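Trainee: Give me a model of this one.
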Amino acid sequence: MCGIIGYVGKKQSVDILLEGLKRMEYRGYDSAGIAIFDNNEINVIKSKGRLTELENKIKEYGSIDGTCGIGHTRWATHGEPSDVNSHPHSSVRITVVHNGIIENYQQLKDELIEKGYNFTSQTDTEVVAHLIDSLYKDDLFVAIRDALRKITGSYALGIISKDQPGKIYAARKDSPLLIGLGKEENFIASDMPAILKYTRDYYLVEEGEIVELTSSYVKVYDENKNEIKKTKQVADWDISSAEKGGYPHFMIKEIFETPSVLKNIANRYLVDDMPHFDKSHEFNAILRRTNRVVIVACGSAFYVGTVAKYLIESFCGVEATVEAGSEFRYRHPVLKDGDLVVAISQSGETADTLAAIRLAKTRGIPVLSIVNVLGSSAARESDIMLYTAAGPEIAVATTKAFSAQLAIVYLLCLQLALVKGRISEMQLINYIKEFKKLPEYVDSILLRARDCEEIAKEVKNYENIFFIGRGLDYSMALEGSLKLKEISYIHSEAFSAGELKHGPISLISETTPTVAIATQKHLIEKMHNNISEVRSRKGRVWTLCRKSDAELFKSNSEVIPLGDVDDIFMPSLAVLPLQLIAYYASVQKGCDVDKPRNLAKSVTVE
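Mentor: Below you'll find the predicted structure:
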């Protein structure tokens with residue numbers, strides 16, 4: 001979950017590296033560092049804390065001249081955040097930056113200590129620098145290759161050596177890495193936003209490949225040093241999409257981008273009010289054979305998965321399960337003919353979700369991935385990829401990408417219902433007409449964002465909050481609770497409203513309010529009763545409901561009215577006020593909205 005960057009070219013590298021690290025701080029911000037060739041030496045400057053701490057150190061250091069260097073922003077795994085544990089890490093000749101985990105680092109460390117290498121940090125990464133140095137005789141490529149053969153774990157590596165100024169080596173296994181292609185300059189980076197200012201052209205580095213780059217060339221090799229011809233990719237993002245654009249935080253900018261994201265999805269996947277997917281023949285053939293859908297995801301994507309499970313079973317008549325990626329492969333899951341694994345991941349690099357994809361593939365089970373990054377590992381390793389096209393999401397807490405995943409799930413479920421004969425083409429067209437109204441309804445909610453800001457002024461004063469809902473609304477209760485706790489640090493719990501009376505209601509009091517989501521028509525009366533149960537115990541309640549049901553709920557709660565679309569699409573409306581309340585509560589508490597403590601955007605390690 002760290003971010004790495006490298007630059008080699010004709011320009012001074014310090015500012016390029018720092019700018020790239022700023023654009024990747026969402027990957028980790030416990031510490032940061034750079035290593036730059038300067039007068040045939042490698043100067044390493046690194047610091048615990050946010051990138052501003054590193055920038056201050058660099059100013060104190062004075063002038064650093066160098067057109068080749070590597071950088072790192074860290075989410076700590078091995079070793080607490082400290083100056084010493086910060087990357088880059090160096091050995092006698094070798095300096096490295098690393099995203100991933102070296103699982104057998106202790107064994108390797110013991111062997112290297114016996115050879116006389118001294119370790120200064122608690123990190124697993126320092127092992128990589130010493131290991132490569134210990135194997136480096138005449139050919140650095142061979143040393144890197146042989147070191148990687150000894151390593152167990154995951155890595156994206158940027159490597160420089162004192163005796164090869166103006167050259168960077170890179171390699172990856174189970175961690176994302178790309179090569180940016182410029183004019184008389186080249187880059188390595190964990191994510192495209194780090195280099196968008198300079199180029200939109202890139203190569204994807206595949207598993208086991210080793211890259212050698214200078215200002216004038218990029219060469220990619222297999223482990224036998226056979227050169228591999230790569231296909232150039234072009235990013236469909238521009239630099240403005242990775243900037244705040246006048247908003248105070250990325251999170252609020254990304255919430256307000258939701259309508260355009262939904263319009264993009266409609267434009268991409270609808271033709272004459274009918275869903276249209278790439279590989280449509282293969283896609284429909286897989287859906288026809290599907291008797292059970294196994295959804296695998298982590299975090300907020302898991303809650304999108306709970307929506308998918310509900311719709312696939314109730315709407316499509318197909319059995320479905322939703323699995324946490326971190327648990328899936330360790331419980332020896334039963335997968336069989338007729339199954340379809342659906343993997344949901346914003347980055348397409350989530351380690352646990354990737355492991356589930358790979359397990360399914362070894363069992364011969366088709367995999368459909370819903371991802372926001374073209375060319376990501378999940379996209380490449382799946383049989384079918386549905387691209388959310390949400391653009392870069394910089395804030396750690398997902399918003400527009402969550403809404404994009406929901407939208408793709410709707411279209412997937414509609415197509416599955418059509419293929420399974422549960423709905424007619426005319427019914428499908430009517431659903432799509434409703435689907436196309438979502439941007440308009442989302443816009444109307446965003447126009448009332450100040451109402452959510454006023455609610456947040458009260459929410460921020462509580463230590464504990466409940467979220468309740470039934471059916472699809474329960475999924476949004478889970479997501480609303482997660483949003484609030486991860487960025488405002490207010491303890492919150494989500495419950496199926498019907499389960500309140502089976503234990504959690506004992507915690508209801510004047511000091512524990514409840515956010516209720518009540519958008520499903522067939523459950524309105526039951527939700528009204530559940531809210532009354534909370535109110536009778538002096539618990540305060542805010543209710544998200546359809547505008548048409550507002551009068552009913554005003555009798556026992558404070559109402560946040562939403563629009564009126566078909567039940568299956570209501571999660572897309574309900575989630576917006578939940579995101580806004582969490583955002584404004586975090587701002588009012590003085591929290592770091594875009595970079596909440598202990599979290600990182602893309603969880604690429606277990």
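Trainee: a strand runs through residue 6, doesn't it?
Mentor: Yes: residue state for residue 6 (DSSP: H, G, I helix; E, B strand; the rest coil) corresponds to a strand.
Trainee: Go ahead and list the helix or strand containing residue 288.
Mentor: Per DSSP states H and E: residue 288 is located in helix 280-289.
Trainee: Look at residue 45 and tell me its secondary structure.
Mentor: For residue 45, the assignment made with three-state DSSP gives strand.
Trainee: One more: the one 10 residues further on?
Mentor: Per three-state DSSP, the secondary structure class of residue 55 is helix.
Trainee: Name the helix or strand for the nearest residue to it once chain neighbours are set aside, please.
Mentor: Among residues not flanking residue 55 along the chain, residue 18 sits closest, at 6.4 Å (C-beta to C-beta, 6 or more residues apart in numbering). Every residue, glycine included, has its C-beta placed from N, CA and C. Residue 18 belongs to helix 13-22 when assigned by DSSP H and E.
Trainee: Now do the buried residues in the least confident helix or strand in the chain by mean pLDDT.
Mentor: One helix or strand of the chain scores below all others by mean pLDDT, DSSP states H and E: helix 51-61, with a mean of 84. Going by neighbour count (16 or more other C-beta atoms under 10 Å), the buried part of helix 51-61 is 51, 53-55, 57-58.
Trainee: looking just at contacts, which helices and strands does that helix meet?
Mentor: helix 13-22, strand 31-38, strand 41-48 (3 or more C-beta pairs under 8 Å, 6 or more residues apart in numbering; DSSP states H and E).
Trainee: tell me the pLDDT at the residue nearest to residue 55?
Mentor: Note for residue 18: predicted pLDDT of 90.
Trainee: how many neighbours does it have?
Mentor: Neighbours of residue 18 under the rule other C-beta atoms under 10 Å: 18.
Trainee: same check, this time on residue 191
Mentor: 26.
Trainee: Please look at it and residue 24 and confirm they touch.
Mentor: Yes: in this structure, residue 191 is within contact of residue 24 by C-beta atoms under 8 Å, at 5.6 Å.
Trainee: Now do the shared contacts for those two.
Mentor: Common neighbours of residue 191 and residue 24 are listed as residue 3 (criterion: C-beta atoms under 8 Å, 6 or more residues apart in numbering).
Trainee: okay but residue 477 is in contact with residue 495, surely?
Mentor: Yes: look at residue 477 against residue 495 with C-beta under 8 Å: they come within range, at 7.2 Å.
Trainee: Out of those two, name the residue with the larger neighbour count.
Mentor: Each of residue 477 and residue 495 has its neighbours counted (other C-beta under 10 Å); residue 477 has more, 29 against 21.
Trainee: mind checking which helix or strand that one is in?
Mentor: Using DSSP H and E, residue 477 falls in helix 472-488.
Trainee: mind listing what the helix or strand following that helix pairs with, with the direction of each?
Mentor: Toward the C-terminus, helix 472-488 is succeeded by strand 491-496 as the next helix or strand (DSSP H and E). Using DSSP bridges, the strands paired with strand 491-496 are strand 464-469 (parallel).
Trainee: what residues does the strand it pairs with touch?
Mentor: 459, 474-478, 480-481, 484, 490-497, 500, 504, 507-508, 511-518, 527, 530, 534, 539, 578.
Trainee: quick revisit: surely the residue nearest to residue 55 is in contact with residue 34?
Mentor: Yes: here residue 18 reaches residue 34: they are 7.3 Å apart, a contact under C-beta under 8 Å.
Trainee: Please identify every residue contacting each of these two.
Mentor: 54, 58, 71.
Trainee: Between strand 491-496 and the helix holding residue 477, find me the angle.
Mentor: Interaxial angle, helix 472-488 versus strand 491-496 (axes from the mean of the first three to the mean of the last three C-alpha atoms, to 10 degrees): 170 degrees.
Trainee: in the stretch 1-150 of the chain, which ranges drop under the pLDDT threshold?
Mentor: The model of the stretch 1-150 of the chain has pLDDT under 70 over residues 1, 28-29, 75-79, 81.
Trainee: again, only this time at 80
Mentor: Residue ranges of the stretch 1-150 of the chain with pLDDT under 80: 1, 25-29, 39, 49-51, 61-63, 74-84.
Trainee: Flag every buried residue along the helix holding residue 18.
Mentor: Buried residues in helix 13-22 (16+ other C-beta under 10 Å): 13-14, 16-22.
Trainee: Check which helix or strand the closest residue to residue 180 other than its chain neighbours maps to.
Mentor: Distances taken as C-beta to C-beta, 6+ apart place residue 187 nearest to residue 180, at 3.3 Å, with adjacent residues excluded. In this assignment (DSSP H and E), residue 187 forms part of strand 186-189.
Trainee: So which residues make contact with that strand?
Mentor: Residues outside strand 186-189 that contact it (C-beta under 8 Å, 6+ apart): 3-9, 20, 24, 70, 158, 168, 170, 177-181, 194-195, 198-199, 211, 213-215, 217-218.
Trainee: how about the nearest residue to residue 303, chain neighbours excluded?
Mentor: Spatial nearest neighbour of residue 303, excluding adjacent residues (C-beta to C-beta, 6+ apart): residue 479 at 4.4 Å.
Trainee: what residues are up against that neighbour?
Mentor: Under the criterion of C-beta under 8 Å, 6+ apart, the neighbours of residue 479 are 300, 303, 402, 575, 578.
Trainee: Ok, residue 580 next?
Mentor: Residue 580 makes contacts with 255, 449, 452-453, 456, as judged by C-beta under 8 Å, 6+ apart.
Trainee: roughly how far apart are it and residue 375?
Mentor: 32 Å (C-beta to C-beta, to the nearest Å).
Trainee: what does residue 359 give?
Mentor: 22 Å.
Trainee: again with residue 453
Mentor: On the measure of C-beta to C-beta, residue 453 and residue 375 end up 38 Å apart.
Trainee: And residue 247, by the same measure?
Mentor: For residue 247, the distance to residue 375 - C-beta to C-beta - is 28 Å.
Trainee: So for those two, which residue has more residues nearby?
Mentor: The neighbour count for residue 247 versus residue 375, taken as other C-beta under 10 Å, is higher for residue 375 (18 against 14).
Trainee: Tell me, what's the model's pLDDT at the closest residue to the more buried one other than its chain neighbours?
Mentor: Nearest residue to residue 375, sequence neighbours excluded (C-beta to C-beta, 6+ apart): residue 204, at 4.9 Å. pLDDT recorded at residue 204 is 91.
Trainee: burial measure for residue 204, as a count.
Mentor: Neighbours of residue 204 under the rule other C-beta under 10 Å: 20.
Trainee: And for residue 309?
Mentor: Residues near residue 309, counting by other C-beta under 10 Å: 21.
Trainee: what helix or strand does it sit in?
Mentor: Applying DSSP H and E, one finds residue 309 within helix 300-314.
Trainee: between the buried residues of helix 51-61, which is nearest residue 470?
Mentor: residue 51 (44.2 Å; C-beta to C-beta).
Trainee: Next up, the contacts around the closest one.
Mentor: 18, 21-22, 25, 29, 32, 73.
Trainee: Name the nearest residue to it, sequence neighbours excluded.
Mentor: Leaving aside its sequence neighbours, residue 51 sits nearest to residue 32 (C-beta to C-beta, 6+ apart; 4.9 Å).
Trainee: Against residue 548, how distant is the one you found?
Mentor: 51 Å.
Trainee: How about residue 148?
Mentor: Taken as C-beta to C-beta, the span from residue 148 to residue 548 is 61 Å.
Trainee: neighbour count winner among the two?
Mentor: residue 148 (19 against 12).
Trainee: in what helix or strand does that one lie?
Mentor: Here residue 148 is assigned to helix 140-150, by DSSP H and E.
Trainee: on contacts alone, who are the packing partners of that helix?
Mentor: helix 125-135, strand 153-161, strand 168-173, strand 210-213.
Trainee: For that helix, output the C-alpha coordinates as CSV.
Mentor: Extracted in CSV, the C-alpha atoms of helix 140-150 (Å, rounded to 0.1, in the frame of the first residue of the first chain):
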residue,chain,number,x,y,z
LEU,A,140,23.2,-6.0,-11.9
PHE,A,141,20.3,-7.6,-13.9
VAL,A,142,21.5,-11.1,-12.8
ALA,A,143,21.9,-9.9,-9.2
ILE,A,144,18.3,-8.6,-9.2
ARG,A,145,16.9,-11.7,-10.8
ASP,A,146,18.7,-14.0,-8.4
ALA,A,147,17.6,-12.0,-5.4
LEU,A,148,14.0,-12.1,-6.6
ARG,A,149,14.2,-15.9,-6.9
LYS,A,150,15.1,-16.0,-3.2
